[in-house]
Each structure stands twice: as C-alpha cells, then as structure tokens.
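A structural model of the following input is requested.
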Amino acid sequence: MKFEFSTDIPAPREFVWKVAQDPLLRHKWDVRISKYIVHGVQETGAEVTIYFRVLFLRPIGKAKFLKFQPPFQSILKIENVSPPLVPTGGGTWIMEDIPGGTRMVSRFHLDTHQVKNSPDWLIEFVVRRDTTRSLKKLKKLVLKLSEEEGGEK
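Below is the predicted model:
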C-alpha cells in the first residue's frame, strides 16, 4: 500500500528539517510515535527503535536509515514491529524549497499483510488520519519554535 502526503510550512528548509528529524521532538508532532531512539549518529545505516502509539498499546519497531541526507531527504525502513500491530515497510521524507518556505513530502510504502485481522480500508483510514494530523502538528511546532528562536535573537 502506497501513500503520499505533503504540507507547506512557511520556514526555511534547514529549520523544518531540524525540527522534523530531531529524535527528541518526534513524539511532539508525530501522533503515531511515543518515543523515537536513534542508536549512534543519525546517518545512513543508523538503527532506530520506534515506540508506536496504537490505542493503549505501545508496539516496538526496529528500523534503519537507508538514506539520511540533511536537509533534503531521509528514507527509513521499518524491518519489524512487535507485536505486529503496525505495518512494516518504508517511509521517505523530502524537504523541497518553495516560495516562502518548505514543502515537506511524506511517502510511505507499507506491507499491510503483516497486520493480522486488519482490512486494508482500515489501515488506509488510520494512515491518512494520523499522517494528516501529524503534519498539521509539525507545521504548528515549526512555527512555534521558529517564533521562539526569533525572539531570542
């Protein structure tokens, strides 16, 4: 199952990248994630542990950066999730310069067959709902942090 979403954020690409890719901020904007740990330096090949939010459960995913190219693109492959309540697969995040700011494009390719007893329509609904909510929260967080950073200068 493939998805693509985007949001336009009135902030420089480098700043949007910094906020979106900061492991310590991920849970503040990504509604699917409660904790995001990068093991070692955040770069191509780095391993990641993701604690997901699925209702009251916290499945744990193991992932790896296939590409980490600041401030342009990152590609993360989720290799397994235990228990299998979240599809494995991959995510790509691309930052594009646009007039007045940055367009963040999120692409997902999910292996839904691993999530037992969940019809594709339900997975599609949840991914669309949660990604849309997450991108709105990211935009608000970037604007808030940009304002705070601007106020300190």
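
mind showing which ranges of the protein have poor pLDDT?
Within the chain, the segments meeting pLDDT under 70 span 114, 116, 151-153.

redo that, cut-off 90
1, 54-58, 83-89, 110-124, 126-127, 147-153 (pLDDT under 90).

tell me, what residue is most central in it?
residue 30 (6.2 Å; Cα atoms, centre = their mean).

From residue 93, how far out is residue 43?
According to Cβ to Cβ, to the nearest Å, residue 43 and residue 93 sit 15 Å apart. In short, each C-beta sits where N, CA and C put it, glycine included.

could you pull out the helices for this protein?
13-20, 26-29, 120-152 (DSSP state H).

what's the closest of those to residue 110?
For residue 110, the closest of the helices of the chain is helix 120-152, at 7.1 Å, according to Cβ to Cβ.

Tell me which residues of the closest one come out buried.
123, 127, 131, 134-135, 138-139, 141-142, 145-146 (16 or more other Cβ atoms under 10 Å).

Save these as CSV, and put in distance to residue 55 too.
As requested, the buried residues of helix 120-152 are exported to CSV (distance: Cβ to Cβ, whole Å):
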residue, distance to residue 55
123, 14
127, 15
131, 17
134, 17
135, 21
138, 22
139, 25
141, 24
142, 28
145, 29
146, 33
